[in-house]
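Participant: pasted the sequence and its predicted model underneath.
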Amino acid sequence: MLIGYGWALEKHAHQSISLILQFLLGFLCMCFNQTFSALLIDMFPASPSTAAASGNIVRCALSALAVAVMQPLLDGMGRGWFFTFLGILSGVVGVAAVWAIQAWGMKWRGRRISDGTKPRDEDVSGETGFNEVNRKGENDEKPTPSAPEAGLAAGDDKGAVDT
């Protein structure tokens, strides 16, 4: 899709083609970004906000680097060949990342677990989180009624609404 976008710009195709490809590329980038953010949060359950912030900082820094490098490459290669290069580079890096995860992912996961990473339902202090308490069935208390419900339950008319 990225390669097609570059050649549509190079050959001055109808602008609807480039707009449709921009929409599709933007949608795919958004999906990738959300998936990556969820993965980071799952990998660092003790500090999810730090993981999300770090991911955003790295993403913004790489974007700034790409913008700085893009214009000289675009001027030197032309739009069609630049986006062809970018599409091939993205594909090769993507395939390499999937291969690395399949080859070494379980080893990385085992090392992370053996390093003592806390489970998702425990916070940094070691206290059990809300989901863990409910799964075990401990501390099952009846919910506290809201103020109007409490007043009506006690026979008080202050919580009732006049009609």
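Facilitator: Perfect, thanks for sending it.
Participant: CA only for contacts and neighbour counts going forward, please
Facilitator: OK.
Participant: and the longest helix for the chain?
Facilitator: In the chain, with assignment by DSSP state H, the single longest helix is helix 79-114.
Participant: which strands or helices does that one pack on?
Facilitator: For helix 79-114, the packing partners by 3 or more C-alpha pairs under 8 Å, 6 or more residues apart in numbering; DSSP states H and E come out as helix 2-10.
Participant: in the helix or strand following the helix it packs on, what's buried?
Facilitator: For helix 2-10, the following helix or strand on the C-terminal side (DSSP states H and E) is helix 15-43. Judged by neighbour count (16 or more other C-alpha atoms under 10 Å), helix 15-43 contains these buried residues: 18, 21, 37, 40, 41, 43.
Participant: number of nearby residues for residue 93?
Facilitator: Residues lying near residue 93 (other C-alpha atoms under 10 Å) number 12.
Participant: and it, how far from residue 76?
Facilitator: 23 Å (C-alpha to C-alpha, to the nearest Å).
Participant: then residue 8?
Facilitator: On the measure of C-alpha to C-alpha, residue 8 and residue 76 end up 18 Å apart.
Participant: again with residue 114
Facilitator: Distance from residue 114 to residue 76, by C-alpha to C-alpha: 50 Å.
Participant: repeat that for residue 15.
Facilitator: From residue 15 to residue 76 the distance is 23 Å (C-alpha to C-alpha).
Participant: for this protein, name the helix or strand with the lowest mean pLDDT.
Facilitator: helix 130-136 (a mean of 46; mean pLDDT, DSSP states H and E).
Participant: about what we covered before: more neighbours: which of residue 8 and residue 76?
Facilitator: Neighbour tally, residue 8 and residue 76, criterion other C-alpha under 10 Å: the higher count belongs to residue 8, 19 against 11.
Participant: how about the more buried one, nearest residue that isn't a chain neighbour?
Facilitator: Counting by C-alpha to C-alpha, 6 or more residues apart in numbering, residue 18 is the residue found nearest to residue 8 once chain neighbours are left out, at 6.4 Å.
Participant: just checking, the one you found touches residue 7?
Facilitator: No. Counting by C-alpha atoms under 8 Å, residue 18 does not reach residue 7; the two are 9.5 Å apart.
Participant: the residue most central in space within the chain and residue 60, how far apart?
Facilitator: Centroid-nearest residue in the chain, with C-alpha atoms, centre = their mean: residue 37, separated by 2.3 Å. Distance of residue 37 to residue 60, given as C-alpha to C-alpha: 14 Å.
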